[in-house]
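Asks: Quick one, fold the following:
(one chain, ligands or ions: 1)
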Amino acid sequence: MIVLVINCGSSSVKYNLIETEGEAEICSGIVERIGAVTSIIKHQPGNESARKESKVILNHAEALQEIMNFLLSSENKIINSPDDIKAVGHRVVHGGEMFKDSVLIDDVVKEAIEQAFDLAPLHNPPNLKGIEAAQERLPDIPHVAVFDTAFHHSLPPYAYLYGIPNRLYRRHKIRKYGFHGTSHYYVSRQYYKLNEKPKSQIKVVTCHLGNGASIAAIKGGESVDTSMGFTPLSGLVMGTRSGDLDPSILFYIMEKEELSLNALHAMLNRHSGLLGLSGYAADMRDLISEAKNGDRRCQQAIDVFCYNIKKYIGSYMAVMNGCDAILFTAGIGENSPLIRKKSVEEMESMGVVMDQEKNLNITPGKIEKISADSSIVDLYVIPTNEELVIAIDAAKIATASNQSPWI
Ligand code: ADP
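Replies: Take a look at the predicted model:
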């Protein structure tokens, strides 16, 4: 089945056209800087060379129209008709407490996504815009919402409750939700496929290390804890997000720096993390190269990043009474031997030993084992594929929704 996967940000629409049986990507692309003076459009059809252009794209509906025009154009011949697309899978960041699984989108689901606007103000509003634009352009096929939070629904209350008055949870649903669920789900499943033990007996720690970064403890196929919380701001130090900090710091700096709530929000989300620590860059490649040139603050940012990863790995091993594997994924996890090395070094007493040769010599895009033969815990690099999870879920739900309930 051909499924269109849509991931909408406030000024961007990313897409992937996926054939689900063969798990093959037919085409992918992005429309960026929507609403700016000129928008940038990139398409990557299969193994062909990428196409790039700039033009004015005013809103998400126009971006979607642009994508459909590209897929349907006689020159590109990626699909012959809109009818070739049998379902659309939408990434939705926050499903609140309601969605444990992906769902067929109807008016009630859209209302629930809207109700979660307050919980993810940067993500859910553009996600809903994308749904509405895609439904307008492709009205006759099923649209499915796949939530970043859904996989973490299995967290027990002692892991998702914060130490604040319980009525705040009851009234405002303030609790840990966790994010990057499709990625943690995907890489853990890839590891199960390599393993002879049944899934029910396997415990893994998954490290999704990209611009946004989170770690999850997964026991018997279920997420039992994760580092992101009420929003994607907590947990690890990230590209520009602070990660965990003492909440008293917020009152203190609001007073000392005379910051408004909006300025505080921007400081924590956009000017903190690796960027804030280094004062130089959020991008790990830039930090590594500057640290090599002797920049002390870039080195410190890397040290803080890796120390945090190690603390979460250690605590999740404690939570699960050990683990079978630690899995690295996403931009940094898949591509940086240095960060992987520093994140698990000197953990021999916990059964974690990396093979440094293997760690240095992995093939990009491939699943690679990087633990030493003497290691009790497996270490793997597993490339993530969140779009495939979304496409497969959308295909499953679309197929079920097309079946007559009388058969
Ligand atoms: P997101 O999807 O959250 O935007 P990605 O998963 O694409 O992020 O990861 C982006 C991060 O991966 C950036 O910090 C980038 O520097 C880092 N990265 C990519 N390639 C490398 C590399 N070879 N070495 C170190 N870091 C890398």
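Asks: C-alpha from now on. contacts and neighbour counts both.
Replies: OK.
Asks: Contact partners for the residue nearest the centre of the chain?
Replies: Centroid check for the chain by C-alpha atoms, centre = their mean gives His180 as the closest residue, at 3.5 Å. By C-alpha atoms under 8 Å, 6 or more residues apart in numbering, His180 lies in contact with 148-149, 208, 214.
Asks: and the helix or strand that contains Phe328 with the ligand, contact?
Replies: Using DSSP states H and E, Phe328 falls within strand 325-329. No: Strand 325-329 lies apart from the ligand when judged by C-alpha under 6 Å from any ligand atom; the minimum separation is 7.9 Å.
Asks: cool, and stretch 215-234?
Replies: No: against the ligand, stretch 215-234 shows no contacts by C-alpha under 6 Å from any ligand atom, the least distance being 11.1 Å.
Asks: Can you give me the buried ones in that stretch?
Replies: 215-219, 221-234 (16 or more other C-alpha atoms under 10 Å).
Asks: how long is that stretch from one end to the other?
Replies: 11 Å (C-alpha to C-alpha, to the nearest Å).
Asks: could you give me the average pLDDT of it?
Replies: If you average the pLDDT over stretch 215-234, you get 97.
Asks: Just checking: what are the partner strands of the strand holding Phe328?
Replies: Taking DSSP bridges as the criterion, strand 325-329 sits next to strand 203-209 (parallel), strand 378-381 (parallel) in its sheet.
Asks: Go ahead and name everything in contact with it.
Replies: Contacts of strand 325-329 (C-alpha under 8 Å, 6+ apart): 187-188, 203-209, 313, 334, 340, 377-384.
Asks: out of those residues, which are buried?
Replies: 187-188, 203-209, 313, 334, 340, 377-384.
Asks: what are the ranges of the strands in this protein?
Replies: 2-8, 13-19, 24-32, 39-45, 51-55, 85-92, 103-104, 143-147, 203-209, 213-219, 222-226, 325-329, 368-369, 378-381 (DSSP state E).
Asks: pLDDT on stretch 47-61, on average?
Replies: In this model, stretch 47-61 has a mean pLDDT of 93.
Asks: Buried residues in stretch 309-320, which are they?
Replies: Applying 16+ other C-alpha under 10 Å to stretch 309-320 flags 309-310, 312-314, 316-317, 320 as buried.
Asks: likewise stretch 332-348?
Replies: Of all the residues in stretch 332-348, those buried under the rule 16+ other C-alpha under 10 Å are 332-344.
Asks: end to end, how far does that stretch reach?
Replies: 23 Å.
Asks: can you list contacts of it?
Replies: By C-alpha under 8 Å, 6+ apart, the list of residues contacting stretch 332-348 from outside reads 207-210, 284, 302, 306-307, 309-310, 328, 352-354, 356, 359-360, 364-365, 375, 381-383.
Asks: No more questions from me, cheers.
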